[in-house]
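K.L.:
Only the shape, not the letters, is given here:
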């Protein structure tokens, strides 16, 4: 045995989705890229805002000594101040720069948070269906994943969450707008969750952290906004990424924000900074830290995603597919016309349509469409979607 | 208890060095930055090469769809090809793009390597004195740190290494040019090490990996070159960073290179890619991947560091300090004139000179000078260094 045993088994497990991606590449070679409808990946396809392009050009030309040098492990103070001001505005809380730690995207943020919080055997509650990386992130630090259900419309099932809490519970992770469902939890749902976490925490004599993974916070439709968990629950931690807000997932920039009302906030902040360092992130990329400091009120044109959602929902609805219309992110979680979602995904593959089976997100009986694609891909795929559902009936 | 117990104790341990840094900040406020001689941090102070500045400006202005989008977890194939060609040239081996995985600097690379290799309880051999982060990186993945000694001139002590190898040994980590000593291991030393690792591996019926941490590989003086461990030992893995070569430690860009002769290389490469993903790095920053692809034969002006070394060594030697003259990196590891290095560092602090006690690197009786500072800092600190050693005699 050479590599770690656990990694060996993880590679074996993830090879199924990988095989699908490889099949997609083969399909594109065989039929041409425009004849393959690839909805498999959440890679934003809306252009970066002009402000981003302008600032990148400005910063590239700027002459400052050590401007690509190490930053503090928590990040540049100017960047953290700009973010703290923005969060203070949206949450109504008084957030200081100290409560913000820059991260390498939300993926980096979540690993740092779990490393800082979890002792071996600590439990983290994850809501089904969920982003496929969460169990890895939790198990990286010997945490135990506990699952809770969501309702039919993917809203919070408070009873299921309450039932999953034990004396080993350290945290619950929320993802809103959600990947894979596009669901945005309402203020009322968050308030109910907060109450349960406070009650259970009091009864168990411990702090239960609410970790809110919000990379899609700005990608919301129909005037919906994402309620602030920081305002709703004292023991909350936000993991944020600019990947979707500014269409730059490749540049690995985001942050962790800690509620100022959290117990022992100073300890937690020190732990998050130390973990950023010792996990080898060291700190978030310097140039991107400088850029996002200047772009706190800038975002991609969200209308473009909303139009794609509407185009997709209208087409699929007409074909007879069932789904809860999403209010955010760029995913649609559709009921498979047959119970076996993997089998149905294979049927779609026959039509050169690539989607991901819900089973991959612990949501069997569904499939996920990532609609961050050209409108033409949506329009031209409809024939295949139509044929596939008719073949099931 | 809120944060993880282990992190809590790590914060307590690292607070001593931190307090020194904070004292440095206070000193600069009190006396002015030009009256404080800060040799505490390894933040490169030589300007980025003109080629870097030019390419950054070019790339910032370039219009390519999705250019800040996700890259493959292993990195752009073009970047990996350019690096593989360079390594093939310098090692004489045939390295393919598959054997190169882009990383967030060497710190990111090492965490990914340890995550991929270590089962709980596996041992990693670390040579004293060592870069302070190694024990954290190894313990992140429940590995056990085993220490071996180096000789008086900081060259490899093969007997000590052989004695540290057990049936639990998974790897040994080398750092050449070395932080904190500036030592470059010779081809002969690497060959002897290779032979011992092969013999011991054969006797124990297992693979012992040689992990070579080489962020300072291009920062070498007097015509010295860093021998290729890939050429010398079949089971070798290189962790590289552009932080020092291009003076951009803030941008977090480096790579992992795997020997093509390694046993089960395919498994190891899959493991490294998976670990890059699930540790939350996802992949190295996209823009910097594109830049380094174009700058394979570019480096900072190393002569500038060599001159600083000479200036520092001449001054300290004249004052009576003892040290092994380093052949690379930008650190000098100096014998403390009194046995208690922490006490001597405090004496230097009285002269507004900031250095790090050797104890922090498990090298008690020494102190580390990071001479990536202005020449004026070196020159103007000499009075203080002179006074301090005279006070000891």
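P.N.:
Now that the structure is in, tell me what you want to look at. Please read these numbers as outputs of a predicted model, since none were measured by experiment.
K.L.:
those helices in chain A, which residues are they?
P.N.:
A:5-31, A:50-61, A:77-91, A:105-117, A:134-139, A:158-164, A:187-204, A:229-232, A:265-278, A:286-294, A:302-319, A:341-350, A:375-392 (DSSP state H).
K.L.:
Briefly note if the longest one comes near chain B.
P.N.:
Just to be clear, that refers to helix A:5-31. Yes - Helix A:5-31 reaches chain B (C-beta under 8 Å from any C-beta of the partner chain) through A:5, A:6, A:7, A:8, A:10, A:11, A:14. (Glycine included, C-beta is placed from N, CA and C.)
K.L.:
What about the residue nearest to the fifth one when sequence neighbours are not counted, how many residues nearby?
P.N.:
The reference is to residue A:10. Among residues not flanking residue A:10 along the chain, residue B:274 sits closest, at 6.0 Å (C-beta to C-beta, 6 or more residues apart in numbering or on different chains). By the criterion of other C-beta atoms under 10 Å in any protein chain shown, residue B:274 has 23 neighbours.
K.L.:
okay, the angle between the helix or strand of chain A with the lowest mean pLDDT and helix B:265-278?
P.N.:
In chain A, the helix or strand scored least confidently by mean pLDDT, DSSP states H and E is helix A:5-31, which has a mean of 79. Interaxial angle, helix A:5-31 versus helix B:265-278 (axes from the mean of the first three to the mean of the last three C-alpha atoms, to 10 degrees): 90 degrees.
K.L.:
And helix A:5-31, what does it pack against?
P.N.:
helix A:341-350, strand A:353-354, helix B:265-278 (3 or more C-beta pairs under 8 Å, 6 or more residues apart in numbering or on different chains; DSSP states H and E).
K.L.:
Recalculate using a threshold of 6 Å.
P.N.:
helix B:265-278 (3 or more C-beta pairs under 6 Å, 6 or more residues apart in numbering or on different chains; DSSP states H and E).
K.L.:
Can you give the contact residues for the helix it packs on?
P.N.:
A:3, A:7, A:10-11, A:136, B:73-74, B:101, B:112, B:115-116, B:256, B:258 (C-beta atoms under 6 Å, 6 or more residues apart in numbering or on different chains).
K.L.:
Farthest pair within these?
P.N.:
Greatest spacing in the contacts of helix B:265-278, by C-beta to C-beta: A:136 and B:258 (21.9 Å).
K.L.:
between the two, who's got more neighbours?
P.N.:
Counted by other C-beta under 10 Å, residue A:136 and residue B:258 do not tie: residue B:258 has more neighbours, with 23 against 20.
K.L.:
doesn't residue B:99 make contact with that one?
P.N.:
Yes - using C-beta atoms under 6 Å, residue B:258 is in contact with residue B:99, at 4.7 Å.
K.L.:
Which residues are in contact with the spatially closest residue to residue A:28 that is not a sequence neighbour?
P.N.:
Excluding the flanking residues, the one nearest residue A:28 by C-beta to C-beta, 6+ apart is residue A:36, at 4.7 Å. For residue A:36, the contact set (C-beta under 6 Å, 6+ apart) comprises A:27, A:28, A:352.
K.L.:
Now do the second one against residue B:286, distance only.
P.N.:
Here the criterion is C-beta to C-beta, to the nearest Å. By it, residue A:28 lies 22 Å from residue B:286.
K.L.:
Of the two, give the one with the bigger neighbour count.
P.N.:
A side-by-side neighbour count of residue A:28 and residue B:286, using other C-beta under 10 Å, places residue B:286 first with 23 against 16.
K.L.:
wait, what's in contact with that one?
P.N.:
So, once contact is read as C-beta under 6 Å, 6+ apart, residue B:286 ends up touching A:250, A:251, B:68, B:71.
K.L.:
Among the residues you listed, name the ones in strands.
P.N.:
Using DSSP state E, no member of the contacts of residue B:286 sits in strands.
K.L.:
The residue nearest to residue A:78 when sequence neighbours are not counted: neighbour count?
P.N.:
In space, residue A:78 comes closest to residue A:293 once its chain neighbours are excluded; the distance is 5.5 Å by C-beta to C-beta, 6+ apart. By other C-beta under 10 Å, 19 other residues sit near residue A:293.
K.L.:
Also residue A:222?
P.N.:
Using other C-beta under 10 Å, residue A:222 has 11 other residues around it.
K.L.:
Check residue A:337 too.
P.N.:
If you count neighbours by other C-beta under 10 Å, residue A:337 ends up with 19.
K.L.:
got a list of what it touches?
P.N.:
Contact partners of residue A:337, counting by C-beta under 6 Å, 6+ apart, are A:389, A:392.
K.L.:
at 10 Å instead, please
P.N.:
Contacts for residue A:337 (C-beta atoms under 10 Å, 6 or more residues apart in numbering or on different chains) come out as A:319-322, A:344, A:347, A:367, A:388-393.
K.L.:
Can I get those residues in JSON lines including neighbour count and pLDDT?
P.N.:
Formatted as JSON lines, the contacts of residue A:337 follow (neighbours: other C-beta atoms under 10 Å in any protein chain shown; pLDDT from 0 to 100):
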{"residue": "A:319", "neighbour count": "17", "pLDDT": "98"}
{"residue": "A:320", "neighbour count": "13", "pLDDT": "98"}
{"residue": "A:321", "neighbour count": "21", "pLDDT": "98"}
{"residue": "A:322", "neighbour count": "11", "pLDDT": "98"}
{"residue": "A:344", "neighbour count": "25", "pLDDT": "97"}
{"residue": "A:347", "neighbour count": "19", "pLDDT": "96"}
{"residue": "A:367", "neighbour count": "29", "pLDDT": "96"}
{"residue": "A:388", "neighbour count": "21", "pLDDT": "98"}
{"residue": "A:389", "neighbour count": "19", "pLDDT": "98"}
{"residue": "A:390", "neighbour count": "11", "pLDDT": "97"}
{"residue": "A:391", "neighbour count": "13", "pLDDT": "97"}
{"residue": "A:392", "neighbour count": "12", "pLDDT": "95"}
{"residue": "A:393", "neighbour count": "7", "pLDDT": "84"}
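K.L.:
which among those gets closest to chain B?
P.N.:
Nearest to chain B among these is residue A:367, at 21.1 Å by C-beta to the nearest C-beta.
K.L.:
residues contacting that closest one?
P.N.:
Applying C-beta under 10 Å, 6+ apart to residue A:367 gives the contacts A:39, A:180, A:321, A:323, A:332-337, A:341-342, A:344-345, A:348, A:353, A:355-361.
K.L.:
of the residues you listed, buried ones?
P.N.:
A:39, A:180, A:321, A:323, A:332-337, A:341, A:344-345, A:348, A:353, A:355-361 (16 or more other C-beta atoms under 10 Å in any protein chain shown).
K.L.:
Restricted to strands, list those residues.
P.N.:
Those of these lying in strands (DSSP E): A:332, A:333, A:334, A:335, A:353, A:356, A:357.
K.L.:
From those residues, pick the one nearest residue A:169.
P.N.:
Set against residue A:169, the nearest of those by C-beta to C-beta is residue A:333 (26.5 Å).
K.L.:
How many neighbouring residues does the closest residue to residue A:326 other than its chain neighbours have?
P.N.:
Nearest residue to residue A:326 in three dimensions, chain neighbours excluded: residue A:182, at 2.2 Å (C-beta to C-beta, 6+ apart). Here the number of neighbours of residue A:182 (other C-beta under 10 Å) works out to 28.
K.L.:
Quick check: residue A:182 touching residue A:366?
P.N.:
No - counting by C-beta atoms under 10 Å, residue A:182 stays clear of residue A:366, with 12.0 Å between them.
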